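> Turn this into a model:
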Amino acid sequence: MDHYLEQYEKSMELRGFAKSTKETYLGHLKRFTQYSNKHPSACSYDDVRSFLHYAIKKRKLSCSHVNSSYAALKFYYETTLCREWNMKHIPRLKSRSFLPDILTQEEVSNILNCGFLFSRQTSRHLQECLCSLLEACFFNPFAQ
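Numbering: from 1, shown residues only. All right, here's what the predicted structure looks like:
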């Protein structure tokens, strides 16, 4: 193992990182080193930005994967190299938020009649919540 990877692994061990986190972070640092063709200590903010942009646009990786790469590189630069990590130069990727699927009337009916053994109070509360949701969905005067 290269010396910089050993230092990085030691930094993670000192912080008590889980084995899976160490493996993931080491993988991110190795991919970054391969991408940049430089020793990571010789890389600039532009190299990191370019790597993350490549991960987003060319490799089309998920937000969580890109943010994991970001965290791995940030940890390496801040902890192992004792360098400042200026967030203005390298912003974190925003996570996409997804709206939940809307249940059909049949699905709601199946939930209400599923036969789970709820206490009467829990069952009543569940029915009230679902009725409120149905009311909001189907009787909303602003809905089109």
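> Helix, strand, or coil at the spatially most central residue of the chain?
The centroid of the chain falls nearest to Ser64 when counting by Cα atoms, centre = their mean (3.0 Å). Of the three states, Ser64 takes helix under DSSP: H, G, I helix; E, B strand; the rest coil.
> can you pull out the helices in the protein?
In the chain, the segments counted as helices under DSSP state H are 3-14, 19-36, 45-57, 63-75, 105-112, 120-138.
> most neighbours per residue, which of those helices?
helix 63-75 (a mean of 18; mean count of other Cβ atoms under 10 Å). Every C-beta, even on glycine, is put in place using the N, C-alpha and C of the backbone.
> Dump that helix to CSV, restricted to CA.
The C-alpha coordinates for helix 63-75 follow below in CSV (Å, rounded to 0.1, in the frame of the first residue of the first chain):
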residue,chain,number,x,y,z
CYS,A,63,-25.8,12.2,-5.2
SER,A,64,-25.0,9.9,-2.2
HIS,A,65,-22.0,8.4,-4.1
VAL,A,66,-20.7,11.9,-5.1
ASN,A,67,-21.2,13.2,-1.5
SER,A,68,-19.4,10.2,-0.2
SER,A,69,-16.4,11.0,-2.5
TYR,A,70,-16.6,14.6,-1.3
ALA,A,71,-16.5,13.5,2.4
ALA,A,72,-13.6,11.1,1.7
LEU,A,73,-11.5,13.8,0.0
LYS,A,74,-12.5,16.4,2.6
PHE,A,75,-11.4,14.1,5.4
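> Identify all contacting residues around it.
If you take Cβ atoms under 8 Å, 6 or more residues apart in numbering as the criterion, helix 63-75 is touched by 11-12, 24-25, 28-29, 31-32, 48, 51-52, 55-56, 61, 85, 90, 92-96.
> Go again with 6 Å.
Contacts with helix 63-75, where a contact means Cβ atoms under 6 Å, 6 or more residues apart in numbering, come from 25, 28-29, 48, 55-56, 85, 92-93, 95-96.
> could you dump these to TSV with pLDDT and distance to Leu126?
TSV is the format used below for these (pLDDT from 0 to 100; distance: Cβ to Cβ, whole Å):
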residue	pLDDT	distance to Leu126
Tyr25	96	43
His28	95	43
Leu29	95	48
Val48	92	49
Ala55	93	43
Ile56	91	41
Trp85	81	47
Arg92	77	38
Leu93	75	37
Ser95	71	30
Arg96	68	30
